[in-house]
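Asker: Have a look at this fold, sequence not included:
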C-alpha cells in the first residue's frame, strides 16, 4: 500500500493499492456522485469490477464512463434503494451478471435540508430521512446478504456521518437515521462474522463533494476548516482511501467498527 502525509488531501496523494482486491466484484449503491463515485474510481484502479447504482440515470452513466475511462469494468443499474422491490430486481440483475458480489458498499443516502427544531420536523421530512438513509441501507443488506453468506466470504461497508456521532448542524432525522446505520452495522457484524463476512461503517465529516463546493462559499469553507485539527476539509478521495482499507485484506481482523474520516474533529 502506498502512503501519503496525513495533511495531504487524498485527491493529490498516491492512491492506496491492495493487490488482494483485483478481480473481485463490488456493488456500490449511491455510486453516481460524490463520495460514492470517487470510491468507485478507487476500486476500479485496484482492479475491482463494479456494479454502480444511483437514481439519476445521467449521473449514473457519468460515473460508469469515468470508471471505464481508467480501464475499469463497470455496469450501471438505476434503482431507488428505499424501495425493496427495486433493490430485489437489482440484486437479481447483479447475480445474473457477476454472481454474488465480494463487496457491498451501501452508500445510498443523503441529507434532506437544513436543521429545524424537532417539534417543527414534518412527518414527510422525518420519513424521508429515515427511508433515504437507514431503510435504503437495510434493504441493500437484506437483499445481498444471502448470496454472500452462501459463499462464506466478503466485505460490507455502510455509510454513516459525523452527524450520527455528535449533535451538530445536521437535521435531527438525518442524524438519527445515520446513528441507526451504525447500530445496524454492528448487529450484522456480530451475526455474520462467524460465517466469514466482515461488516464495517465509514463515517465522514465535512467533505467537499461537488454539491458542497457549489453551496459553500470559499469564505465559509475557510471558516469551517479552522475547526478541524488537520486544518482542512475532507475530499471524496479521503473517504475512498479509507474504504479501500476496510474492504482489503489489510483489515482482515477488523469488523464492526466505525471509522471516522473527520480530520480529527470527531474523536469518540
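Answerer: Structure received. As the structure is a prediction and not an experimental result, all values here were calculated from the model.

Asker: Now do the closest residue in space to residue 86 that isn't next to it in sequence: how many residues are near it, please.
Answerer: Ranked by CB to CB, 6 or more residues apart in numbering and with sequence neighbours excluded, the top spatial neighbour of residue 86 is residue 79, at 4.2 Å. In short, each C-beta sits where N, CA and C put it, glycine included. Counted with other CB atoms under 10 Å, the neighbours of residue 79 add up to 23.

Asker: Might one say that residue 79 is in contact with residue 85?
Answerer: No: using CB atoms under 8 Å, residue 79 is not in contact with residue 85; the gap is 9.4 Å.

Asker: just to revisit the earlier point, which residues sit in contact with the residue nearest to residue 86?
Answerer: By CB atoms under 8 Å, 6 or more residues apart in numbering, the contact set of residue 79 is 53, 55, 86, 87, 89, 90.

Asker: So which of those residues is the closest to residue 64?
Answerer: residue 53 (10.6 Å; CB to CB).

Asker: Am I right that the closest one is in a strand?
Answerer: Yes: under DSSP: H, G, I helix; E, B strand; the rest coil, residue 53 falls within a strand.

Asker: what about the stretch 101-250 of the chain, any weak spots by pLDDT?
Answerer: 112 (pLDDT under 70).

Asker: Please enumerate the strands of it.
Answerer: 103-106, 154-159, 197-204 (DSSP state E, counting those that start in this stretch).

Asker: In TSV, list those strands along with mean neighbour count.
Answerer: Output for these, formatted as TSV (neighbours: other CB atoms under 10 Å):
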stretch	mean neighbour count
strand 103-106	28
strand 154-159	26
strand 197-204	24
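
Asker: okay if I get the ones you listed as TSV plus distance to residue 26?
Answerer: Listed next are the strands of the stretch 101-250 of the chain as TSV, based on distance: least, CB to CB, whole Å:
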stretch	distance to residue 26
strand 103-106	4
strand 154-159	9
strand 197-204	14
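
Asker: Residue 43: which of the ones you listed is closest?
Answerer: Per CB to CB, nearest to residue 43 of those: strand 103-106, 7.8 Å.

Asker: pull the longest helix from the chain.
Answerer: Longest helix of the chain, by residue count under DSSP state H: helix 172-192.

Asker: Secondary structure class of residue 260, three-state.
Answerer: Strictly by three-state DSSP, residue 260 counts as strand.

Asker: so the closest residue to it other than its chain neighbours, which of the three states?
Answerer: Leaving aside its sequence neighbours, residue 260 sits nearest to residue 266 (CB to CB, 6+ apart; 4.5 Å). Three-state call for residue 266 (three-state DSSP): coil.

Asker: Could you give the number of residues near residue 266?
Answerer: Neighbours of residue 266 under the rule other CB under 10 Å: 20.

Asker: So which residue is dead centre in this structure?
Answerer: residue 107 (3.4 Å; CA atoms, centre = their mean).

Asker: ok, back up a step: so the residue nearest to residue 260 touches residue 163, yeah?
Answerer: No: judged on CB under 8 Å, residue 266 makes no contact with residue 163 at a distance of 9.9 Å.

Asker: count of neighbours near the closest residue in space to residue 173 that isn't next to it in sequence?
Answerer: Leaving out its chain neighbours, the residue that sits closest to residue 173 by CB to CB, 6+ apart is residue 129, at 3.2 Å. Residue 129 has 26 neighbouring residues, counting by other CB under 10 Å.

Asker: where's residue 129 relative to residue 122, distance?
Answerer: Remark: distance between residue 129 and residue 122 (CB to CB, to the nearest Å) = 11 Å.

Asker: tell me, what's touching these two both at once?
Answerer: By CB under 8 Å, 6+ apart, no residue touches both residue 129 and residue 122.

Asker: OK, contacts around the residue nearest to residue 173?
Answerer: With CB under 8 Å, 6+ apart, residue 129 has these contacts: 111, 112, 171, 173, 174, 176, 177.

Asker: do residue 243 as well
Answerer: 39, 42, 105, 157, 202.

Asker: Now flag whichever of the residues you listed is closest to residue 232.
Answerer: residue 202 (18.4 Å).

Asker: So the closest one sits against residue 259, correct?
Answerer: Yes: using CB under 8 Å, residue 202 is in contact with residue 259, at 5.3 Å.

Asker: All good on my end, thank you.
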